[in-house]
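> what would the 3D arrangement of this be:
(one chain, ligands or ions: 1)
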Amino acid sequence: MKWNEAVLSLKSYQPGKSTDEVKKLYGLEKITKLASNENPFGCSEKVKESVRNSTHSFAIYPDGYATMLREAVAKHTGVKETQLIFGNGSDENIQIISRSLLGAGKNTVMATGTFSQYRHNATLEGAEIREVPHIDGAHDLEGMLKVIDVETSVVWLCTPNNPTGKYISEQDLLSFIEKVPEDVLIVLDEAYCEYATAEDYPRTNQWINKYKNLIILRTFSKIYGLASFRVGYGLADEDIIQKLD
Ligand SMILES: Cc1ncc(COP(=O)(O)O)c(C=O)c1O
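Model prediction:
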């Protein structure tokens with residue numbers, strides 16, 4: 001069959017063993033699974049109660065505009081409803097961005113040793129991947145700037161970074177964004193922002209009003225312990241959101 005070459009270059013996903021399998025295999029009683037960064041405390045009791053009391057009909061398609069969620073997230077983040085996009089987890093938002101901006105003849109810049117989905121999606125879209133090694137687990141922002149050229153369409157930053165845990169300070173991030181050409185989309189993956197307590201960790205919600213080439217990705221999977229719900233959202237200028245939608 002006529003498979004895309006990019007698909008053939010990828011290995012199929014090998015899911016990790018479940019905690020029950022590992023317990024049985026090694027005769028262990030207690031396992032702490034770290035591989036997927038799932039929340040070990042689970043989700044709020046309020047979620048469980050809400051699901052138990054739900055009268056939602058499974059025969060009905062979900063609201064594609066995610067109206068109620070959109071209203072709540074807009075209120076929570078202080079941005080306009082039209083500055084939000086929702087996806088099946090950040091995974092889908094990464095895929096939507098990649099499908100919309102990457103392709104043959106374009107390149108994309110990311111750190112070596114960051115969330116694997118950036119590379120995975122770029123490979124599928126046939127874009128050249130420019131990886132810049134970390135310095136002590138932190139993004140080498142100067143190095144990343146150096147490899148951006150006219151063919152670069154997306155730059156990926158993960159802060160705090162999966163898997164190294166290092167974050168980008170407000171000053172460093174602002175200075176980086178100011179230097180990236182305005183026609184290059186900067187994806188700021190903040191899947192773990194709620195865990196960052198350092199004073200110089202930036203709170204970026206309002207930055208989308210100033211930087212028209214910035215999209216911030218967040219997820220309900222981590223801090224809220226709702227990975228199985230598959231809900232992620234992005235904040236960006238209305239023009240970016242409209243195009244991605
Ligand atoms: C940095 C980062 N971004 C995105 C995701 C995907 O999150 P979601 O469950 O919302 O698809 C993960 C999950 O491990 C992650 O570590």
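> residues of this structure that sit close to the ligand?
Taking C-beta under 6 Å from any ligand atom as the test, the list of the chain residues beside the ligand reads 36-37, 89-91, 115, 158, 162, 189, 191, 219, 221, 227, 232. The C-beta positions use only the backbone N, C-alpha and C, and glycine is treated the same way.
> buried subset of those residues?
With neighbours counted by 16 or more other C-beta atoms under 10 Å, those contain buried members at 37, 89-91, 115, 158, 162, 189, 191, 219, 221, 227, 232.
> any low-confidence regions in the protein?
Low-confidence segments of the chain, defined by pLDDT under 70: none present.
> in it, what residue lies closest to the ligand?
As assessed by C-beta to the nearest ligand atom, the ligand sits closest to residue 89 within the chain, at 2.5 Å.
> and that residue, what does it touch?
Taking C-beta atoms under 8 Å, 6 or more residues apart in numbering as the definition of contact, the neighbours of residue 89 are 219, 221, 227, 230-232.
> in those, find the pair that's most separated.
The most widely separated members of the contacts of residue 89 are 227 and 232, with 10.4 Å between them, by C-beta to C-beta.
> who touches both of those two?
When contacts are counted by C-beta under 8 Å, 6+ apart, the set common to residue 227 and residue 232 consists of 89, 221.
> just the buried residues of the longest helix seen in the chain, please?
Taking residue count as the measure and DSSP state H as the definition, the longest helix of the chain comes out as helix 89-101. Of the residues in helix 89-101, those scored as buried under the neighbour-count criterion (16+ other C-beta under 10 Å) are 89-98, 100-101.
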